[in-house]
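Visitor: Fold the stuff below for me.
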Amino acid sequence: MEFFKHIFSRGLPKTGQETEYVAGDDATYQAGWWLKRLIANNRTRFVSKTIDGDVVVYDRATGLYWTADGNEAGGNNGATISWTDAIPYALALDFAGFTDWRIPNAKETQSIINYGKRGPAIDEPPFINTAVAYHWTSTTCFYATQNAFTFSGDGGSIGVGAKTDSKNIRCVRCGV
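Guide: Residues are numbered from 1 along each chain as shown. Take a look at the predicted model:
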């Protein structure tokens, strides 16, 4: 029965919480990608690769490729952008030899947040130049469709913003 205890979190990334605040919390089990392995002896999840001179990060837990540098083209060269401009920007991006980049959805974005750190809430390295401001997701807010979900590059919290506001981006593509 112990084997099946955390089987449903096998493909999900760990949150990054290593401090146990109460027995049974997230740090007790550190469930997620790789099953039954604590952070200290976990396999390498993120792999940096240089393709056609551009640096990308491959996430072995989700199979997604992310643009590594928030100040490069996959991060709109570090500049903020409205949601309505970010979606076509990402779809037109030619980076690392691929043209199928996009803005990540809210769940994909949450998968790279390390809830055990902040400023930025994404592991650096392998990611670099992550703005500690809000970033767009491609997920529209269902109860106010003029808004989309965002995440804080500082603490990883999820929020909403008007699609006309300017926020940072980090593009993603499927690795398959």
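Visitor: residues touching Val160, list them.
Guide: Cys141, Ala144, Asn147, Ala148, Phe149, Thr150 (C-beta atoms under 8 Å, 6 or more residues apart in numbering). Placement of C-beta: from N, CA and C, glycine included.
Visitor: my read: the fourth one touches Gly161, true?
Guide: Yes - look at Ala148 against Gly161 with C-beta atoms under 8 Å: they come within range, at 6.5 Å.
Visitor: so what sits against both of the two?
Guide: Both Ala148 and Gly161 are contacted by Trp83, Trp136, under the criterion C-beta under 8 Å, 6+ apart.
Visitor: Tell me which of the two has more neighbours.
Guide: Neighbour tally, Ala148 and Gly161, criterion other C-beta atoms under 10 Å: the higher count belongs to Ala148, 24 against 19.
Visitor: Show me the beta-bridge partners of the more buried one.
Guide: Thr140, Gly161 (DSSP bridges).
Visitor: about what we covered before: of the contacts of Val160, which is the nearest to Pro125?
Guide: Pro125 lies nearest to Thr150 out of the contacts of Val160, by C-beta to C-beta, at 23.8 Å.
Visitor: And the closest one, which helix or strand is it part of?
Guide: Taking DSSP states H and E as the criterion, Thr150 maps to strand 147-152.
Visitor: Pull the residues that contact that strand.
Guide: Contacts for strand 147-152 (C-beta under 8 Å, 6+ apart): 83, 106, 109-110, 113, 121, 132-141, 157-163, 167.
Visitor: follow-up on the earlier one: of all the contacts of Val160, which two lie farthest apart?
Guide: Greatest spatial distance in those: Ala144 and Thr150, 13.0 Å, computed using C-beta to C-beta.
Visitor: Give me the more crowded residue out of the two.
Guide: More crowded of Ala144 and Thr150, by other C-beta under 10 Å: Thr150, with 24 against 10.
Visitor: gap between that one and Lys167?
Guide: Distance, Thr150 to Lys167, by C-beta to C-beta, to the nearest Å: 6 Å.
Visitor: now Pro104
Guide: For Pro104, the distance to Lys167 (C-beta to C-beta) stands at 13 Å.
Visitor: swap in Val55?
Guide: 22 Å.
Visitor: Which residue ranges of this structure form helices?
Guide: Ranges of helices in the chain, per DSSP state H, are 26-29, 83-92, 106-111.
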